[in-house]
Structure formats: structure tokens, C-alpha cells
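> what follows is a protein structure lacking sequence information:
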Ligand SMILES: [Zn+2]
């Protein structure tokens, strides 16, 4: 049966500020928006539909998180304060102590936070994603999954371990990485009526050889999908690429034919004007991850990247999954960075978090805004709150004053995955209680395994 979201206010498109009042949205059995019109136009046909009352809430496009690592929830409250790459002295990570089931729980925890903050689509990048793909897909959210690939013989995501030499790459490691990535594609791409898609994800500019860059782009293009990499994320990365290749990170990617419109470059915190021009010349998509960047004392040059021709999306990256907070941090950070009191605008920023994300994930024809023919990926926000009253400019009010708990319902492809504040497909209390136990256990194991190494921050009671 078709679903009618009845008599509501609809923000159809954030960046164009298209808002309709007293409107209804008719969604067909495939989860596609079939009609949007004045509520009175539907009054004679209501008996034919499943009616969804949103009781004065405002319906908006769901957020597209263009860059995250869901299992990094294990580092919450710890890694935010340890810089990047993290200043941990240990040869292993806390995540390396998790069983497959524990990894699934930590990833699902991240999705829960994301859904509660209005996220309908996640670009999730991880190692051995296949271990938790099924668990996160059970939440009902939409995913682009990428298996992180590297062919470097050591881990540069550790302070002091910077790339030293162009000789430090391994063909054997590359082949293993391609096999994992292709397996993920074959197992998951197109699953659940295309709700799950697979992309290619060479990890970072300093951990991939020239041949891995070339092969990753080919793997994506052969399968008509997109590809992504971390770029200009840390000074260590910039130094390492200078050591090994005598280039800047963006120049290194360009030298090996990696730049293009199907690339999402995540971060771009420290790119200079020459690198910005290169990225713009190839219309590269940028995942701006402003909340984690701010925690690192950084802000990507978003205005300049847009002026050069780049398209912008928003991501959360590590530890937190709150897209409303990430978007708001991007709004604040860019105004502060440019000493500009009026730009970017609320519509710009919420546009990046929706239509911008749709554009750089090559999904603008189906996601990012609410029009006939698009997928019904949407959220319902309760504005009847002290901090949102009066409500005379919905978009500005939401980004300036809203909090994620104002988002009360979330729908993906016509199916509610949260309604009236209740998560529908998974046992939220179980995930939260287990995640706490898993984190206590795994951090205790890590610290206990290396009693002679100094943890740079104190954990409570462990
Ligand atoms: Zn990342």
C-alpha cells in the first residue's frame, strides 16, 4: 500500500530553500516519492493509503554522511584528545581486541547515533567491512560501503610512523587488499533494492603506491561506482609524501591519474592554492569533516575549494556520527576561518549535508532532496521546542538552534527506521549496554598488555 505523509510542512531542498506548507507526500510501494501537493488535493483519496501523521512536524531531506568509520565509536572520549595520527604508544589498537560480534555492535552503535541525528545515508569506510555489513544493513539505513586498501608495509595511522621511502610498498599486500575490496563489491553491491552500494577506498595518500591509486580508480570505473581517499589529513602525511615522492599530496595523486569527478577526497585540511586549483580542475568531490577537523585545530579551505570548482559534502569521520553537529561546526568554522559574518549561509551548509552529498556520491537523481521520482529518504523534526520557538525561518532556525534530539522520525526508501523517537529495527538498549562493556574490556586489555607503556590520557576507573 502507498504511504501518505499527511498535512505537514516540507523542506524540499535546503540549498534552494524550497519550502511547502500544508502539504502531503505520497510514497509508492517501492519507496519512491510519487506526488507532493497541497494536502487538500489528497482528501478524497486518503482511504487508499497508509496515512502517516507527522503532527505538526517539519519534513526534510535526510543527511548524507560522506565519510565515516563506524567502529571508531570505540575511541569515544579518548582519541579526540590524542591528535592525528593518535599519540598512542601501543603497537596494537583497542579495536584489534574485538571479536566479529563486538565489532558489529560498535558499528551498529555508530549507526544508531547517525539515525538519531537525521542521517539516512552513510559512506562507511572500514577494514574487513564484510564482518559487520550485515549487522549495519539490518538498521534499515542506506550505505555506500568501502573496504580500506593500503599496500604500505607499515601503519602510518600512528604518530611518528610517517612514510619514509617509495620502496616501502608490497605487491602482495596490494593483491590482498584488491581481493577484499572486490569480494565486498560482489557480495554487497545492489543488495536490499540498492540500499547498499559498494565503492573503492584506497586508504590515504601516504599509504598507497602509484599502482594502487591507478588500480583503485580502474576498479571503480569498471563497476561504474565512485572512489574515495583521505587527502591532506595530517602534517605527517604531507611530510611522508615529501620524503618518498618529493611532492605535495594532491600533486602525488595527480601524477598518477587519480583525480577526477568520481573521486571523493576526504579532509583536504592543509591543501594550498595550487592543490586547490588541481582539485577544482578535476571537479573533485570533497568530504568536509569539520567537527573532527575542529578537534584537530584545523578547518579545510571550503570557500576556496568551491570557487575552484569542487563539490562539497559533509562527513563526521571518527568517534561521532552526529551530522547536525558536523554541519553546524562546518558553518561556524568557515565563518570564523574567513572572518565572514554572513557566509556560508544556513542553506549552503544544510545543502552540503544533503544535495552536496548526493552530488559527490553520484546520487543526485535519487537522493538529497524531496521531489517526485526521488527516493523517500527523509526526516521529521519537531520544532515545538523552547529553543526552536519562534520559527519564522525554518532552515536558519534548524542549523543555528536545532539539536539532534529534535529529529523524531527517520525514513529510508519509504520505510520508517525511527518513529516518534523510537528506533524500529534494532534493540537500541542492548547495543548501548553491550557497547559500554565491550569498550571497558578492550581498552583494559590494551592497557594491561603493555603495562610499561604510558597512556597519554587517564581513563576513568579502568
Ligand atoms: Zn577518515
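Ah, there it is. The structure displayed is predicted, hence computed values, not measured ones.

> residues touching residue 444, list them.
residue 462 (CB atoms under 8 Å, 6 or more residues apart in numbering). Backbone N, C-alpha and C define where each C-beta goes, glycine included.

> do I have it right that residue 230 meets residue 264?
No: the criterion here is CB atoms under 8 Å, and residue 230 misses it with residue 264 at 10.1 Å.

> before we move on, which element is residue 183 in?
For residue 183, the element it lies in under DSSP states H and E is helix 171-188.

> could you pull out the buried residues of the next helix or strand after that helix?
Downstream of helix 171-188, the next assigned helix or strand under DSSP H and E is helix 191-194. Residues of helix 191-194 classed as buried by neighbour count (16 or more other CB atoms under 10 Å): residue 191.

> now the very next helix or strand once past helix 191-194: average pLDDT?
Per DSSP H and E, the first helix or strand lying C-terminal to helix 191-194 is strand 196-202. For strand 196-202, mean pLDDT is 98.

> what does stretch 107-116 contact?
By CB under 8 Å, 6+ apart, the surrounding residues in contact with stretch 107-116 are 65, 68, 70-73, 122, 124, 126, 132, 135-136, 138-139, 141, 316, 320-323, 404-405, 407, 410, 417-418, 423, 426, 428, 431-432, 435.

> just the buried subset of these, please.
For the contacts of stretch 107-116, buried by 16+ other CB under 10 Å: 65, 68, 70-73, 122, 124, 126, 132, 135-136, 139, 141, 316, 320-323, 404, 407, 410, 417-418, 423, 426, 428, 431, 435.

> how deep is the residue nearest to residue 249 when sequence neighbours are not counted tucked in, by neighbour count?
Of all residues not flanking residue 249 in the chain, residue 205 sits nearest, at 4.3 Å (CB to CB, 6 or more residues apart in numbering). Residues lying near residue 205 (other CB atoms under 10 Å) number 29.

> residue 205 against residue 231, yeah?
Yes: judged on CB under 8 Å, residue 205 makes contact with residue 231 at a distance of 5.2 Å.

> return every residue with contacts to both of those two.
Common neighbours of residue 205 and residue 231 (CB under 8 Å, 6+ apart) are 249-250, 253.

> so which of the residues you listed is the most crowded?
Neighbour max across these (other CB under 10 Å) = residue 253, 30 neighbours.

> so which elements touch the strand or helix carrying it?
Counting by DSSP H and E, the element that carries residue 253 is helix 249-255. Helix 249-255 is packed against strand 227-231, helix 235-245, helix 273-281, with contacts defined by 3 or more CB pairs under 8 Å, 6 or more residues apart in numbering; DSSP states H and E.

> can you rerun that using 6 Å?
Counting contacts by 3 or more CB pairs under 6 Å, 6 or more residues apart in numbering; DSSP states H and E, helix 249-255 packs against helix 235-245, helix 273-281.
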